[in-house]
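Participant: Fold the following for me, if possible:
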Amino acid sequence: MASSSTKESSETRANILAAGQRLMAAKGFSAVGLNEVLTDIGVPKGSFYHYFASKEAFGEAMLDSYFDDYLAEIDATLRKPGQTMAQRLMTYWKNWQDTQSFLDCQGKCLAVKLGAEVADLSEPMRLALKQGTAGITSRLARAIETGVAEGSLSIEGEPAQVAESLYQLWLGASVMVKIVRNRKPFEAAMATTRLILHLPD
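Facilitator: Predicted coordinates:
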């Protein structure tokens, strides 16, 4: 059984990660200083280094935490009872639209926000992004394969290739949504997704 100090330490670390995720999803990694993160949750700067060796180590841990939560959400969506796999996949894309908003993503658009920025800044953070996105595409590939087997969707090509193409389509749409400040890129991505999976409008 964990002691109260261990539990408190774990909660402090989780709070720092959550604050960093929220702030950096809005402003980017480089634009947010450690002081801003720590002031946001009332943690003294000296204690930061008790949990993380550097800002880069913090960024890597933040991405790992983000993808842990994200993958758990995908797993729940793709296991939802009483639906075909095609319906579950379309729920995933609908959730993407709802959470990757150009107005306020509440920390849920971290991969979109930080992808291009930190891939060039930090090799450990790039690898965390690579591992996290691979986890997403592998789940999508399995879901697509299941959908084909049950007959709720059909594809041209291999499930893994289609899953990667769809993920890249939606990443691109998320960037365009931020540029044009409207949801039309998501509407186009949804229409293209339906075509790729041979689903009716």
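Participant: What are the buried residues along the longest helix that the chain contains?
Facilitator: When the chain is parsed with DSSP state H, its longest helix is helix 123-150. By neighbour count on 16 or more other CB atoms under 10 Å, the buried set for helix 123-150 is 125-126, 128-129, 132-133, 135-137, 139-141, 143-148. For the C-beta atoms, the positions are set from N, CA and C on the backbone; glycine is no exception.
Participant: Extract the C-alpha trace of stretch 58-69 and format it as CSV.
Facilitator: Below are the C-alpha coordinates for stretch 58-69, written out as CSV (Å, rounded to 0.1, in the frame of the first residue of the first chain):
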residue,chain,number,x,y,z
PHE,A,58,9.2,16.6,-19.0
GLY,A,59,8.1,16.9,-22.6
GLU,A,60,8.8,13.2,-23.2
ALA,A,61,6.8,12.2,-20.1
MET,A,62,4.0,14.5,-21.1
LEU,A,63,3.7,12.9,-24.5
ASP,A,64,3.8,9.4,-23.0
SER,A,65,1.0,10.4,-20.6
TYR,A,66,-1.0,12.0,-23.4
PHE,A,67,-0.8,8.9,-25.6
ASP,A,68,-1.6,6.5,-22.7
ASP,A,69,-4.9,8.4,-22.2
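Participant: Give the buried residues for it.
Facilitator: 58, 59, 60, 61, 62, 63, 65, 66, 67.
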